[in-house]
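> Next input, structure requested:
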Amino acid sequence: MSKKFRAKVLAVTISTILLSTAFNTAASACPPYIPAGSTCDAIIASDGKAVTLASDLYVTEGNGLTYTGSTPFVAQYIRKNITVVGENAYAIYADGNTFFNNNINLEKGINVISENGTAIKIDGSFKQPAVPNIGISIKDGSTVKGKENAIDFSEAKTALRIDVNGNVYGNIIGNGLEGNKVNFAYQSGAQQGLFDGYVISGVEKIENWGNLSIIAKDKTIFWSGDFNNKKNAILNFKIGNSANLNTPLLLIEGKTVFNTGSKALFSYVGNNINDIVNKDIILIQSNGGMSGTVEVGQGGVNAVSDLSPLLKQIDSWITTTDPVVNGGIQGNQLVVRYGVNYEGGDNFVNIAKQGGISEQRLQAASYIVNYALSEYNKTQSVRSGELLALLTSAGNSNTGDDGANSSVVDNGSNGIARLVEQLTPNAEGSEVRAALRVVDKMRDQANNRSFYLRNQETATPWNFWAQTLYTHGRQGNEADIFGYQN
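Reported below is the predicted structural model:
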């Protein structure tokens, strides 16, 4: 082999190695469970050019797309999905040597996901022109999702700006430098955004430009810096079963501002609406203060009739008032209250009457049901809820097409009548009062043994108890409500 030929072979070999290092595109077979058409080899870019993915990237070991080298990178346009599943693997990683002259753009509604690590890790630098800074732009409804952190630039050498017209699942961890900023619901103007994480830290400013949804968590979400809601911006808290309503849903370390036309909504996405009924919910607490005016309301459809466990009985006698949502800024907090009252006591009594119970028991039924409704509307306690659920389960208020009583009503009225019979004491009210009076006096004097002697004066407890029984026993009256006082 001639020296000239050997030199050409060597040159080709070196070029091949360099190419595979700068932009690894060698195609190896993907495991059978990988989505069809995916590329499964990690990509390393070091030439400063824009990376173009021909197909989705799915990497089972190590990072997905890695930027490295000292050559500054031009704007990056990522338009294919990137998924990594390795432990602590990054879907996109820019090491400490990298320098970007423009944004890393995630476009066309793609997904950048690390199932067991951070989705995007930036350790390098971005060119620092005049404000606004550059950084990561999540466009067209794209999603960035990590196991814990979605974006981590805590080791980056410069400030970053992150624009979000899409979804962020996980925390955003910044480096605390001046100029760091997150623009939610923004892409050349007001758009949509979603944040489903616990923390945004090391960021100086957070702004909502359009319609931002925040998923309430099992503990308070924490955002550093200031939070500014632009003119006509909408902030929507989505509250599910796991949300902790005993603490603020969102804690802002700095100040919070609501500009003209701002709205703060909450959407209940759980399966028990009673978790939020008649409770004061702190949507935001802002340690640096809160200013502006904001309209508080409900997002989505009215879920009461579909979700309340008290309304599972079809055509129940129980009804609800229309929900009333009110609230606003109270000091450094944004508070909302979702007011719904249960009613229908007259319906319950009328159905019980159809079951043929006596007038005394009807009065008892009225007392029981109205007490249960009143207590539940005031407290939503477990005990009052159980009583109301018991009353609801006894029957319904179905009627025929012509409004006349149907056989279903007969079944419902009989069920309610039987329940009232079971709940109403057989003793008259006067007898119950006498017994309660005796017990009360016995409790007062239980520790005084000298009062056990008989034939004392009438002021002594023994004779007092007897007098009490006699006096109240004479007050028996057929008009009394059994077991209750008028």
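> hey, let's count contacts and neighbours off CA atoms from now on
Noted.
> Tell me which residue is most central in the protein.
Ile239 (2.5 Å; Cα atoms, centre = their mean).
> ok, Ala29 - how many residues close by?
10 (other Cα atoms under 10 Å).
> residues in contact with it?
Listed by Cα atoms under 8 Å, 6 or more residues apart in numbering, the contact set of Ala29 reads Cys40.
> how is this structure carved up into domains?
17-211, 216-342, 344-423, 429-473 (automatic domain parsing).
> Can I get the ones you listed in TSV including mean pLDDT?
Output for the domains of the chain, formatted as TSV (pLDDT from 0 to 100):
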stretch	mean pLDDT
domain 17-211	93
domain 216-342	86
domain 344-423	74
domain 429-473	56
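> Quick check: beta-bridge partners of Asn326?
With DSSP bridges as the criterion, Asn326 is bridged to Arg337.
> quick one on the thing from earlier: the residue nearest to the centre of the chain is in contact with Ile215, isn't it?
Yes. Using Cα atoms under 8 Å, Ile239 makes contact with Ile215 at a distance of 6.6 Å.
> For Leu53, which residues are in contact?
Counting by Cα under 8 Å, 6+ apart, Leu53 has contacts Ile78, Arg79, Lys80.
> Pick the one among these closest to Leu65.
Distances from Leu65 to the contacts of Leu53, taken as Cα to Cα, are shortest for Ile78 (10.2 Å).
> That closest one: how many residues sit nearby?
When neighbours are counted by other Cα under 10 Å, Ile78 registers 20.
> what bridges to the closest residue to it other than its chain neighbours?
Once flanking residues are discounted, Ile78 sits nearest to Leu106: 5.0 Å by Cα to Cα, 6 or more residues apart in numbering. With DSSP bridges as the criterion, Leu106 is bridged to Ile78, Ile138.
> gap between Leu106 and Thr143?
9 Å (Cα to Cα, to the nearest Å).
> When the two are compared, which one has more neighbours?
Using other Cα under 10 Å, the more surrounded residue of Leu106 and Thr143 is Leu106, with 27 against 24.
> Return the set of buried residues in whichever helix or strand Leu235 is part of.
Counting by DSSP states H and E, the element that carries Leu235 is strand 234-239. Residues of strand 234-239 classed as buried by neighbour count (16 or more other Cα atoms under 10 Å): Ile234, Leu235, Asn236, Phe237, Lys238, Ile239.
> can I get these in TSV with distance to Thr247?
Putting those into TSV (distance: Cα to Cα, whole Å) gives the following:
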residue	distance to Thr247
Ile234	22
Leu235	18
Asn236	17
Phe237	14
Lys238	15
Ile239	13
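> Out of those residues, which comes closest to Asn211?
Among the buried residues of strand 234-239, Ile234 lies closest to Asn211 (Cα to Cα), at 4.6 Å.
> Can you tell me how far the closest one is from Glu375?
Separation of Ile234 from Glu375 (Cα to Cα): 35 Å.
> picking that back up, looking at the domains of the chain, which one is packed in the most?
Most buried of these, by mean neighbour count (mean count of other Cα atoms under 10 Å): domain 17-211, with a mean of 21.
> tell me the SS of Asn116?
coil (DSSP: H, G, I helix; E, B strand; the rest coil).
> contacting residues around it?
Asn116 neighbours (Cα under 8 Å, 6+ apart): Val84, Val85, Gly86, Glu87, Asn88, Ala89, Gly146, Lys147.
> can we see that at 7 Å?
Each residue near Asn116 by Cα atoms under 7 Å, 6 or more residues apart in numbering is listed here: Val85, Gly86, Glu87, Asn88, Ala89, Lys147.
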